[in-house]
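> here are the coordinates; sequence isn't available:
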């Protein structure tokens, strides 16, 4: 597969779900608004008390719609107070995570920034602002917020200290400092063990190529039925399925995605995962149906891109082009408002549209914001698209030295070395890609749009 064809749409499932599970846990810290300056709100849609939590996506969304309306009313009734703004930010963030809504994430950031401006210096929405900022790739804000805990008037609870330490790990991870990240995650685990830290540790091991360790950690979370809601169980199952997808066991991945659908029915994100599995089995009619269902109720350009790729595989070029243009317009509008958060998605659209100059600018922006593995791979792809194969090779070889391991990095390296004419390098890279996933060069692999890197 050439580097230009390597622009298949991708949705960064694992990191998104790390933030999702983290958000569930942060929200479930409890109702401490009266006496704890770091407190966050529990939403009924994500309550982690055993047996609680809506049973399906429509119920969860309806609950969060009510939560948002209630918290907006509280903000209006309490002008100038930071705690209601913090609460509103977290329910907006939860709805954005559930529904894939850019508008909700943007509104959550506005609310939590307003809470920060209204709060005294030695208090305020530390964890709330950190997690909302992370979801929009504004990692500097997250780092600054957790640093405030050392100066708080009221000593933070161990759970808050553990989450802050884990956030420091996230900031290090996204910066490409993986040894530092794992130290923070392990320190957080020592302070207080939590599912949020467990998910982060699993993600770290997965990116270092240790799928078994990641499976073990996620399996523990899935087995803990006492503290998981249907939404959280589906999230764990999607992550476990992503590991199987990345290691080439596509049948097992589809079974786990189906289990996620049973655990939390009608979630658009699960439908999208199932759609891609139908696509790689060449069941195009089912794939199209699932993708269309996943686009119901919101503009989701990641699903539009996946459906456009499906249309191309079906020979429906005009339909594919029209849908890709719509998706690109949405990505570009989001880049205009929140560039760090959407540069990687818009980069994919630019590369697919054959605009290597714009693709390079977006890849460079994404890399500056988060120079971790995915950002480096994108930069290498953009360099190759501009004919800078030697630069692309240097980027990928540097990435390999950090310990990052993925099928994608070696597939791109194989393309780079082929263009350079280094057949030994290309053959080695292909072997490394196949060692991670025997399906690395499957003819339908480009139709995997969710959780495949």
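Looks like it arrived, so ask away. Note that this is a predicted model, so its numbers are computed, not measured. Numbers count the residues shown, from 1 in each chain.
> please make it C-alpha for all contacts and neighbour counts, starting now.
OK.
> now residue 450: phi and psi?
Residue 450 adopts backbone torsions of phi -130, psi 120, taken as degrees, to the nearest 10.
> same question, residue 56
The phi/psi pair for residue 56 (degrees, to the nearest 10) is phi -150, psi 170.
> got it, and residue 405?
Given degrees, to the nearest 10, the pair of backbone angles that residue 405 has is phi -140, psi 120.
> check which helix or strand covers residue 113.
Following DSSP states H and E, one finds residue 113 within helix 102-118.
> okay, and residue 424 sits in which element?
helix 423-436.
> list the buried residues for that helix?
For helix 423-436, the neighbour count (16 or more other Cα atoms under 10 Å) marks 425, 426, 429, 430, 431, 432, 433, 434, 436 as buried.
> quick revisit: beyond the helix holding residue 113, next helix or strand please.
helix 126-135.
> against which helices or strands is the helix or strand following that following helix packed?
Once helix 126-135 ends, the next helix or strand along the chain (criterion: DSSP H and E) is helix 139-147. Where contact means 3 or more Cα pairs under 8 Å, 6 or more residues apart in numbering; DSSP states H and E, helix 139-147 is packed against helix 126-135, helix 158-174.
> of all those, which lies closest to residue 399?
With distances scored as Cα to Cα, the stretch of the helices and strands packed on helix 139-147 nearest to residue 399 is helix 158-174 (13.1 Å).
> for the closest one, packing partners?
helix 126-135, helix 139-147, helix 178-191, helix 195-207.
> identify whichever of those helices lies nearest to residue 290.
Here helix 126-135 is closest among the helices and strands packed on helix 158-174 (Cα to Cα), at 26.1 Å.
> which elements pack onto the closest one?
For helix 126-135, the packing partners by 3+ Cα pairs under 8 Å, 6+ apart are helix 13-27, helix 82-99, helix 102-118, helix 139-147, helix 158-174.
> just put these in CSV and tack on mean pLDDT.
Below are the helices and strands packed on helix 126-135 laid out as CSV (pLDDT from 0 to 100):
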stretch, mean pLDDT
helix 13-27, 47
helix 82-99, 95
helix 102-118, 96
helix 139-147, 95
helix 158-174, 95
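> tabulate those helices (CSV), appending distance to residue 377.
Shown next, in CSV, are the helices and strands packed on helix 126-135 (distance: least, Cα to Cα, whole Å):
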stretch, distance to residue 377
helix 13-27, 16
helix 82-99, 25
helix 102-118, 25
helix 139-147, 20
helix 158-174, 13
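> for those helices, which one ends up most surrounded?
Each of the helices and strands packed on helix 126-135 was scored by mean neighbour count; the highest is helix 82-99, a mean of 27, by mean count of other Cα atoms under 10 Å.
> chain center to it, what's the gap?
In this view, helix 82-99 has its centroid 18 Å away from the chain centroid, taken as Cα atoms, centre = their mean, to the nearest Å.
> elements contacting that helix?
helix 13-27, helix 57-77, helix 102-118, helix 126-135.
> can we see that at 6 Å?
helix 57-77, helix 102-118 (3 or more Cα pairs under 6 Å, 6 or more residues apart in numbering; DSSP states H and E).
> closest to residue 226 out of the helices and strands packed on helix 126-135?
Of all the helices and strands packed on helix 126-135, helix 13-27 comes closest under Cα to Cα, at 13.8 Å.
> without its sequence neighbours, what residue ends up closest to residue 308?
In space, and not counting its chain neighbours, residue 308 is closest to residue 320: 4.2 Å by Cα to Cα, 6 or more residues apart in numbering.
> what's the angle from the helix holding residue 113 to helix 139-147?
Going by axes from the mean of the first three to the mean of the last three Cα atoms, to 10 degrees, helix 102-118 is angled at 40 degrees with respect to helix 139-147.
> who's in contact with helix 102-118?
By Cα atoms under 6 Å, 6 or more residues apart in numbering, the surrounding residues in contact with helix 102-118 are 82, 85, 86, 89, 92, 93, 96, 124, 129.
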